[in-house]
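Student: one predicted model, sequence on top.
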Amino acid sequence: MNYITLNNNVKMPQLGLGVYKVSDEAAIDVISAAIETGYRSIDTAQFYENERGVGEAVRRSNVAREDLFITTKVWNSHQGYHKTLAAFNESMEKLGLDYLDLYLIHWPTPMYDRFVETYKALEKLYKDGRVKAIGVSNFHQEHLERLFDECEIKPVLNQVECHPYLQQKDLKAFCSEHNIFIESWSPLARGGVLEDEVIKAIAQKHHKTVAQIILRWHIQENSIVIPKSVTPSRIRENFQVFDFTLDKEDMEQIASIDRNERTGRDPNEMDML
């Protein structure tokens, strides 16, 4: 497992498990399998409605709490200073944890213009020691610049849709310049890149699966990556990306297939839904 050091000196696993659309009940077994495999980072959200399952899996684990990295996010409907603090308390009650490793704003929803006051609530939680690190998700450069201008604490990361068909090169460069990590959700484009001929050829060359090549590409792009799977064999396969390296030619070939193509919503268009 690779660890990266966030801009506040907190260490975070570079590979984690995403649990979007995993039920509370299923989350317990899925996360237990992942922890047994070696995963130490779990990414959930208020919107996913599985925080209770995540917390239960953490309690059932034989891994010490301080060795696990748990992330959750405040949903669009709960943005605003006081509503965010209430949402955090609700999430922590469901998780049953004494502290959180990372708390994120799920979407900027700029049409409501609440993300700055929402982020100020995250700053309070950080200053109060209830969360080890704070960040954002789905923020464009202009949203980050507003935080720089109006808030005190720089986000540690920006979790965005990122995969070989949406490589986010400009946003990666901007975030890198400001010591903010990119964390990739939908790292396989919801399966959309698994049939790409360029990546299939690279997979054949390295005797790896297409998914493993893509996840290794994220790692070598210096991104944090959180593939989702509920299948134990796939969970194990996704973790086996630290025993090989893509060469310069491989990375250049993957760079050439960028389409600027999203599978999800554009952050400027996302609303309360």
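Tutor: Perfect, thanks for sending it.
Student: quick one: the strands in this structure?
Tutor: All strands of the chain, identified by DSSP state E, fall at 3-5, 11-13, 17-18, 41-43, 69-74, 100-105, 131-137, 157-161, 181-185, 224-225.
Student: roughly how far out does the third one sit from the chain middle?
Tutor: Centre-to-centre, strand 17-18 and its host chain are 8 Å apart (CA atoms, centre = their mean, to the nearest Å).
Student: for that strand, packing partners?
Tutor: helix 24-37, strand 41-43 (3 or more CB pairs under 8 Å, 6 or more residues apart in numbering; DSSP states H and E). Yep, even glycine has a C-beta here, placed from its N, CA and C like the rest.
Student: Pro232 is nearest to which of the ones you listed?
Tutor: Among the helices and strands packed on strand 17-18, the nearest to Pro232 by CB to CB is helix 24-37 (4.5 Å).
Student: give me the contact list for that closest one.
Tutor: For helix 24-37, the surrounding residues in contact (CB atoms under 8 Å, 6 or more residues apart in numbering) are 17, 19, 22, 42, 44, 49-50, 52-54, 56-58, 60-61, 63, 68, 229-230, 232, 235-236, 239.
Student: pick the most buried one from the helices and strands packed on strand 17-18.
Tutor: Per-stretch averages of neighbours, counted by mean count of other CB atoms under 10 Å, single out strand 41-43 among the helices and strands packed on strand 17-18, with a mean of 25.
Student: note down every partner strand of that one and its orientation.
Tutor: strand 17-18 (parallel), strand 69-74 (parallel) (DSSP bridges).
Student: tilt between the last one and strand 100-105?
Tutor: Pointing back at strand 69-74 there. Inter-element angle recorded for strand 69-74 and strand 100-105: 30 degrees (by axes from the mean of the first three to the mean of the last three CA atoms, to 10 degrees).
Student: nearest to Asn8, out of the helices and strands packed on strand 17-18?
Tutor: Asn8 lies closest, by CB to CB, to one member of the helices and strands packed on strand 17-18: strand 41-43, at 16.4 Å.
Student: average pLDDT for that closest one?
Tutor: Mean pLDDT, strand 41-43: 98.
Student: what comes into contact with that strand?
Tutor: Applying CB under 8 Å, 6+ apart, the contact partners of strand 41-43 are 12-13, 15-19, 31, 34, 54, 57-58, 68-71, 159, 185, 226.
Student: cool, and stretch 173-184?
Tutor: Here stretch 173-184 has contacts from 4, 6-7, 135, 137, 141, 144, 148, 154-163, 168, 171-172, 218, 221-226, using CB under 8 Å, 6+ apart.
Student: buried sites along it?
Tutor: Residues 174-175, 180-184 are the ones in stretch 173-184 that count as buried (16 or more other CB atoms under 10 Å).
Student: of all those residues, which two lie farthest apart?
Tutor: The most widely separated members of the buried residues of stretch 173-184, counting by CB to CB, are Phe174 and Ser184 (15.6 Å).
Student: could I get stretch 159-169 in CSV with only the CA atoms?
Tutor: Written as CSV, here are the backbone C-alpha positions of stretch 159-169 (Å, rounded to 0.1, in the frame of the first residue of the first chain):
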residue,chain,number,x,y,z
GLN,A,159,-12.4,14.4,-5.1
VAL,A,160,-13.5,14.6,-8.8
GLU,A,161,-14.6,12.3,-11.6
CYS,A,162,-11.4,11.3,-13.2
HIS,A,163,-10.4,8.4,-15.6
PRO,A,164,-8.6,8.0,-18.9
TYR,A,165,-11.5,9.5,-20.8
LEU,A,166,-11.7,12.5,-18.4
GLN,A,167,-8.1,13.1,-17.3
GLN,A,168,-8.6,16.5,-15.7
LYS,A,169,-5.2,17.7,-16.8
